[in-house]
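Visitor: What follows is a predicted structure for the sequence shown.
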Amino acid sequence: MATHQTDPLQHPEVQQASLRGYVAGYGVTMIGLLLCLLLTESHALAPLPLLSTISGIALVLLIAQAFLFFGLDFSRYHIWKSVSIILTVPLFVLSIGLTVWMFHELDGLTMLPEMPGMSMQPTTLQ
Amino acid sequence: MMDARATLPEKQPELWHFGHDGHDPIATKTLGFWLYMISDALIFGGIFAAYGVLDHGMNDAGGPGAAQIVHPVAAFWQTIAVLTSVLAYSLATVAMKTGNRSGVMLGIVVSILLACIFLGLEFNDFATLFAQGNTPDRSGFLSVFFLLIATHGLHMMFGVLWMLVMLVQIPRFGLNADVVTRMLNLRLFWQFQASVWVCVYIFVYLRGAS
C-alpha cells in the first residue's frame, strides 16, 4: 500500500544529507589535493610517475566524492543515479582517452623527430 | 470484445498509474537534473580532451606553455575557497533536514562569499595573463586553457546567481516542495563543481607545473 507524505523535508533525498559524510568528503578531498601539491612541488618523482600518481589520487577523490558528497549507493532512491553514472564512465574514458591517444599517435607519425638543440629554435610562427 | 486485463492474474504488480497517486515529483526532478549534470560533465570531458591534445609545445605557437602560466600554490587558495563553499552549501542542506531556515540561509551566504573569493582570484589570474599579452587568441594552448577555466568559472557564477535566488525564495515561500527541490538540485550542481575542480587542479595546474 502506497504511503502519502506531505512534508517535503521528510523526503529521502532531503534526509540523505549527512554532516559526517560532507565533512569527511571535504577532508578527504583537501588532504588528497594537498598531497598532490606537495608531490608536485617537491619534484620527488619523475614526470611520468608523478602524472600516474596524481591521476590515481584524482580517481580516488572522485570516487570518494561520489559516495560522500552525492551519496550514491544502490538503495531504492539512488540506484538510477548510480547506474547512470556507471554507464557514463566508459563514455568519459573513450572520449578523452581515445582523443588524446589518437593525436599522440598522429604526432608521432607526422612530425619530424626532434633533433639535438631543436627545441631551442624558434618556431616558424615566432 | 473481451478486455485483455481480465485475463491477468489478480496479483500482477502495477506498472503505472494515471494520476498523481504514487508519483514522486522530488525524486523525479532530482533524477532529471542528475541526468542533466551528467551531460554537463560530458561537455567538460570534451574540453579536457581538447586540452589533452593542445597541451603540447607545438600548440604554444611561440607563446607560453602551461608551466609558464600556472601557479599551483596560488591556485590552492582557489581550491580551499571552492571546496569550503561546497561544504558550506552542503551543511545548509543538513540544516534543511530539520527545517532550520536560518541555518540554511547562513550556509548559503557563506557559500556565496567563498564562491566570490574564488571568482575574484580567478579574475585576478585572468587580468594578469591579459596584461602580459597572454590572451586566448595567442595560441591554441591558451585558447583551450581559457576555455576550460572560464567554463568552470561560468558554472560558479551561475551557481552564485542560483543561490541568490534561493535567498529570496526561502523567506518568501518557506521550505515547500518546490523550494526544497531547487535546493536539492543546487546541491547536486554545487557539489559537481568540486568534482570538476579536482580535475582542473590536478590536470591543469599540477600537471602543467610538473
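Guide: Good, I have the coordinates. Numbers count the residues shown, from 1 in each chain, chains lettered A, B, ... in the order given.
Visitor: what's near enough to touch the closest residue to B:N185 other than its chain neighbours?
Guide: Take B:N185 and drop its neighbours on the chain: the residue closest to it by Cβ to Cβ, 6 or more residues apart in numbering or on different chains is B:F33, 4.3 Å away. The C-beta positions use only the backbone N, C-alpha and C, and glycine is treated the same way. Under the criterion of Cβ atoms under 8 Å, 6 or more residues apart in numbering or on different chains, the neighbours of B:F33 are B:185, B:188-189.
Visitor: Out of those residues, which is nearest to B:F44?
Guide: The shortest distance between B:F44 and any of the contacts of B:F33, using Cβ to Cβ, involves B:F189 and amounts to 13.2 Å.
Visitor: Does anything pack onto the helix or strand containing B:L113? Which helices or strands?
Guide: With elements taken from DSSP states H and E, the one containing B:L113 is helix B:101-131. With contacts defined as 3 or more Cβ pairs under 8 Å, 6 or more residues apart in numbering or on different chains; DSSP states H and E, the secondary structure elements packing on helix B:101-131 are helix B:72-97, helix B:140-173.
Visitor: In chain A, mark out all the strands, start to finish.
Guide: In chain A, no strands are defined using DSSP state E.
Visitor: pLDDT-wise, which helix or strand of chain A ranks last?
Guide: When each helix and strand of chain A is scored by mean pLDDT, DSSP states H and E, helix A:98-110 comes last, with a mean of 88.
Visitor: Show me which positions of it end up buried.
Guide: Across helix A:98-110, burial judged by 16 or more other Cβ atoms under 10 Å in any protein chain shown covers A:99-100, A:103.
Visitor: now swap in stretch A:53-69 and tell me
Guide: For stretch A:53-69, using 16+ other Cβ under 10 Å, the buried residues are A:53-55, A:57-58, A:61-62, A:64-66, A:68-69.
Visitor: any chance of those residues in CSV, with pLDDT and distance to chain B too?
Guide: Putting these into CSV (pLDDT from 0 to 100; distance: Cβ to the nearest Cβ, whole Å) gives the following:
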residue, pLDDT, distance to chain B
A:T53, 96, 10
A:I54, 96, 5
A:S55, 95, 7
A:I57, 97, 7
A:A58, 96, 5
A:L61, 97, 5
A:L62, 97, 6
A:A64, 97, 10
A:Q65, 97, 5
A:A66, 95, 8
A:L68, 96, 10
A:F69, 96, 4
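Visitor: does any part of the helix or strand bottoming out on mean pLDDT in chain B sit near chain A?
Guide: The helix or strand of chain B with the lowest confidence, counting by mean pLDDT, DSSP H and E, is helix B:207-209 at a mean of 90. Yes - applying Cβ under 8 Å from any Cβ of the partner chain, one finds that helix B:207-209 is in contact with chain A at B:207, B:209.
Visitor: again with stretch B:36-50
Guide: Yes - contact check for stretch B:36-50 against chain A, using Cβ under 8 Å from any Cβ: residues in range are B:38, B:41-42, B:45-46, B:48-50.
Visitor: Contacts for that stretch, please.
Guide: Contacting residues not belonging to stretch B:36-50 are listed as A:84-85, A:88, A:91-92, A:95-96, A:99-100, B:144, B:147-148, B:151-152, B:155, B:188-189, B:192, B:195-196, B:199, B:203 [Cβ under 8 Å, 6+ apart].
Visitor: quick revisit: how far away is the residue nearest to B:N185 from B:F189?
Guide: Separation of B:F33 from B:F189 (Cβ to Cβ, to the nearest Å): 8 Å.
Visitor: Ok, A:A44 next?
Guide: Using Cβ to Cβ, one obtains 37 Å as the distance from A:A44 to B:F189.
Visitor: Who has more neighbours out of those two?
Guide: Under the neighbour definition other Cβ atoms under 10 Å in any protein chain shown, A:A44 and B:F189 were set side by side, and B:F189 has more, 19 against 11.
Visitor: which SSE is that one in?
Guide: helix B:177-200.
Visitor: can you check B:G62 too?
Guide: Assigning secondary structure by DSSP H and E places B:G62 outside every helix and strand.
Visitor: Give me the below-cutoff pLDDT ranges for chain B.
Guide: Applying pLDDT under 70 to chain B picks out residues B:1-10, B:14-22.
Visitor: For A:L45, list the residues it contacts.
Guide: When the contact criterion is Cβ under 8 Å, 6+ apart, the partners of A:L45 are A:39, A:53.
Visitor: which residue ranges form the helices in chain A?
Guide: Per DSSP state H, chain A carries helices over the ranges A:12-15, A:19-42, A:47-68, A:79-92, A:98-110.
Visitor: would CSV of these with distance to B:V82 be doable?
Guide: Output for the helices of chain A, formatted as CSV (distance: least, Cβ to Cβ, whole Å):
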stretch, distance to B:V82
helix A:12-15, 24
helix A:19-42, 10
helix A:47-68, 13
helix A:79-92, 21
helix A:98-110, 26
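Visitor: now the residues of stretch B:36-50 next to chain A as TSV including neighbour count?
Guide: Converted to TSV, the residues of stretch B:36-50 next to chain A look like this (neighbours: other Cβ atoms under 10 Å in any protein chain shown):
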residue	neighbour count
B:I38	17
B:A41	17
B:L42	14
B:G45	19
B:G46	13
B:F48	22
B:A49	21
B:A50	19
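Visitor: Looking at the residues you listed, which are in strands?
Guide: When DSSP E defines the strands, the subset of the residues of stretch B:36-50 next to chain A inside them is empty.
Visitor: That's all I had, so thanks and see you.
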